[in-house]
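> after the sequence you'll find the predicted model.
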Amino acid sequence: MADYPLHIELAGRLCVVVGGGTVGRRKITGLLAAGARVKLIDPKPPAFDQADRIEIVARPYRADDLSNAFLVFAATGNGVLDRAIATEARRQGALVNLPGEPAAGDFSLPAVLRRGDLTVSVSTAGRSPALASLLKEQISQWLPSHWATVLEILAAVRDKHLAEPSQSHYNRQTIDTLLKTELVELVATGQAAAIDRLLIKTLGDGYTLKELSIELASIP
Ligand SMILES: C[C@@]1(CC(=O)O)c2cc3[nH]c(cc4nc(cc5[nH]c(cc(n2)[C@H]1CCC(=O)O)[C@@](C)(CC(=O)O)[C@@H]5CCC(=O)O)C(CC(=O)O)=C4CCC(=O)O)c(CCC(=O)O)c3CC(=O)O
Ligand SMILES: NC(=O)C1=CN([C@@H]2O[C@H](COP(=O)(O)OP(=O)(O)OC[C@H]3O[C@@H](n4cnc5c(N)ncnc54)[C@H](O)[C@@H]3O)[C@@H](O)[C@H]2O)C=CC1
């Protein structure tokens, strides 16, 4: 059965990681980047640079550690313990990830590439994480950072149109036209005046970068 990809909001939600080894730490990094509240349970917690951003419980796991968890990560490397954590997590209504035994968990993590709010995730349904990682590296070569700006422009155009629908020619075809023209290339080379001309020609008055509140250089 195919799994079901989704991008989930974690801001402010409690995520409990049991086991802070190499794998647990990698999960914590991703969770913090998504704004989650993170609690780590580990009798020998590792020293790592983001330790001050999480709650650390320095003792072996207990069932009540999972209270109020939204997501649980069982990464102790002890299969029997990880499965017991999974059972308890489900009993308490949380979804659980078992990095050491993917088929016994509720979800797996993809390799992730970000360009601003543009995200590419690569999954092999747990079958070859090394391939997922390699493919992500390859995709990163043809997705330079200016794609984040392309997204910012399209999102601003869309927001503006939704706020005042009659003012522009915005529709799927217009967006396709913008993307098939030189927009991406102009953003890559930072040609603000040419972008303004293209936006006005395609969408009408009121759609310059300035009017869309976009500064080319300020976007990562
Ligand atoms: C199910 C899953 C766990 C989950 O759900 O989180 C899982 C499970 C396992 N990984 C193993 C090994 C490795 N994992 C990596 C790397 C990554 N693994 C990641 C995800 C996942 N790994 C999920 C499925 C993803 C998918 O669908 O493909 C990435 C993408 C993201 C992340 O970890 O956050 C991250 C790349 C980050 C990046 O580059 O962006 C490497 C390579 C490396 O380290 O460079 C190796 C060694 C090479 C190899 O074995 O391939 C083993 C065997 C352990 C053992 O032998 O003991 C298991 C267990 C098993 O397979 O049973
Ligand atoms: N990307 C992935 O998802 C990968 C997954 N794995 C799997 O992930 C699992 C963890 O791997 P590593 O992080 O390398 O292991 P590790 O041995 O480095 O870390 C395990 C951590 O769990 C802690 N721990 C042990 N008993 C505990 C308890 N009772 N309560 C709380 N914490 C406890 C230890 O102190 C240690 O810090 C393994 O099952 C491994 O097969 C391995 C490689 C990649």
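That came through fine. Predicted model only: the values in this text are computed from it and were never measured. Ligands and ions are numbered 1, 2, ... in the order given.

> got phi/psi on the closest residue to residue 182 other than its chain neighbours?
Nearest non-adjacent residue to residue 182, counting by Cβ to Cβ, 6 or more residues apart in numbering: residue 198, 7.0 Å away. Any C-beta I mention is one placed from the backbone N, CA and C, and that applies to glycine too. Phi and psi for residue 198, reported as degrees, to the nearest 10, are phi -60, psi -40.

> what sits against residue 198?
Going by Cβ atoms under 8 Å, 6 or more residues apart in numbering, residue 198 touches 178, 181-183, 186.

> let's see 10 Å
Applying Cβ atoms under 10 Å, 6 or more residues apart in numbering, we find residue 198 in contact with 177-178, 181-183, 186, 191, 207.

> among those residues, which are in helices?
177-178, 183, 186 (DSSP state H).

> which of those scores worst on pLDDT?
Ranked by pLDDT, the ones in helices among the contacts of residue 198 bottom out at residue 177 (83).

> what is the burial count for that one?
With neighbours defined by other Cβ atoms under 10 Å, the count for residue 177 comes to 16.

> for it, what are its contacts?
Residue 177 touches 169, 171, 183, 198, 201-203, counting by Cβ under 10 Å, 6+ apart.

> buried subset of those residues?
Listed as buried from those are 183, 198, 202-203; burial here means 16 or more other Cβ atoms under 10 Å.

> could these be laid out in a markdown table, adding distance to residue 20?
What follows is those, written out as a markdown table (distance: Cβ to Cβ, whole Å):
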| residue | distance to residue 20 |
| --- | --- |
| 183 | 44 |
| 198 | 50 |
| 202 | 51 |
| 203 | 50 |
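
> returning to what we had before: and which of the ones in helices among the contacts of residue 198 is nearest to ligand 1?
Comparing these against ligand 1 with Cβ to the nearest ligand atom places residue 183 closest, at 28.9 Å.

> from residue 204, how far out is that closest one?
Relative to residue 204, residue 183 is positioned 16 Å away (Cβ to Cβ, to the nearest Å).

> all strands for this structure, in order.
Along the chain, counting by DSSP state E, strands occupy 14-18, 37-41, 55-57, 71-74, 95-97, 111-115, 118-122.

> among those, which is the most enclosed?
Greatest average neighbour count among the strands of the chain goes to strand 71-74 (a mean of 27), per mean count of other Cβ atoms under 10 Å.

> strand partners of that one, parallel vs antiparallel please.
strand 14-18 (parallel), strand 95-97 (parallel) (DSSP bridges).
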